[in-house]
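In: Sequence and predicted structure below; questions after.
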Amino acid sequence: MNYPIRIIIVEDHYLFRAGITSVLSSVKDKYDVVGEASTVAEFDALYEKTDADLLLLDIRLPDGNGIDIARKLSEQKSALKILVLSAENDPSTITNLLEAGINGFISKNAPSQELFTAIDYIMEDGDYFGKDISKLIRDIRVAKKSAKEPFTDRENEIIALCSEGLTAKEIAEKMHINVATVNTHKNNIFKKLGINNSVELVIYAIKTGIITL
């Protein structure tokens, strides 16, 4: 990961936006706030001229919403990572955000350390949803109590490493296999849990209370 991580904040409440900026600026060697916007229009203008790595995004904005921004960036195949700061836990809103291609979301009530954790995890090509995807695999396996098919020894090994919160890259290095193989095993684990992808994994976790926002 290259530091500092360049961050754009889109949030219409000035004091909250200023608070996030202050928190991030307290770790100047890691995080650099390169732009701020309070509306969709302001972000569009800012995005065209600002080189950033990560977008911290509010959902409700005066002239639109964060879902529209996320969907537009996804359609453009933008490399900009998206972390939503949410005060909402409505399943349909979260589903729309996930389908729009966000990389994570955390509550606006989360402590600053969780914000740092989420940013770092996402910039390492992970997904973070209050609990990262890796730990969700373990927790959902426990919640479901059984799978359609038994897990192989290799899948059980990956589940155990997932429970430690390791990324696919870290698991690959530990098991001396490539990242693509790890992701193949993860997809097989999803299927055996009756889940097709990360989006369904998070939605299931929200509905069953594994994730609370």
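Out: Thanks, I have the structure now.

In: what comes up buried for the helix or strand I9 falls within?
Out: If you go by DSSP states H and E, I9 is part of strand 5-10. Using 16 or more other Cβ atoms under 10 Å as the burial criterion, the residues of strand 5-10 that qualify are 5-10. Yep, even glycine has a C-beta here, placed from its N, CA and C like the rest.

In: partners of that strand in the sheet?
Out: strand 31-37 (parallel), strand 54-57 (parallel) (DSSP bridges).

In: Would you mind measuring from the residue lying closest to M1 once chain neighbours are set aside to P4?
Out: Nearest residue to M1 in three dimensions, chain neighbours excluded: M123, at 5.3 Å (Cβ to Cβ, 6 or more residues apart in numbering). Separation of M123 from P4 (Cβ to Cβ, to the nearest Å): 11 Å.

In: now N188
Out: Distance from N188 to P4, by Cβ to Cβ: 38 Å.

In: For this structure, which element, helix or strand, carries the lowest mean pLDDT?
Out: None of the helices or strands of the chain scores lower by mean pLDDT, DSSP states H and E than strand 131-132, at a mean of 61.

In: quick one on the thing from earlier: CSV please, covering the strands paired with strand 5-10 and showing distance to L201.
Out: Formatted as CSV, those follow (distance: least, Cβ to Cβ, whole Å):
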stretch, distance to L201
strand 31-37, 28
strand 54-57, 21
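
In: Packed most tightly, which of the ones you listed would that be?
Out: Most buried of the strands paired with strand 5-10 by mean neighbour count (mean count of other Cβ atoms under 10 Å) is strand 54-57; its value is a mean of 24.

In: Just the residues contacting the next helix or strand after that strand, thanks.
Out: Downstream of strand 54-57, the next assigned helix or strand under DSSP H and E is strand 60-61. Strand 60-61 is contacted from outside by 10, 12, 38-40, 66, using Cβ atoms under 8 Å, 6 or more residues apart in numbering.
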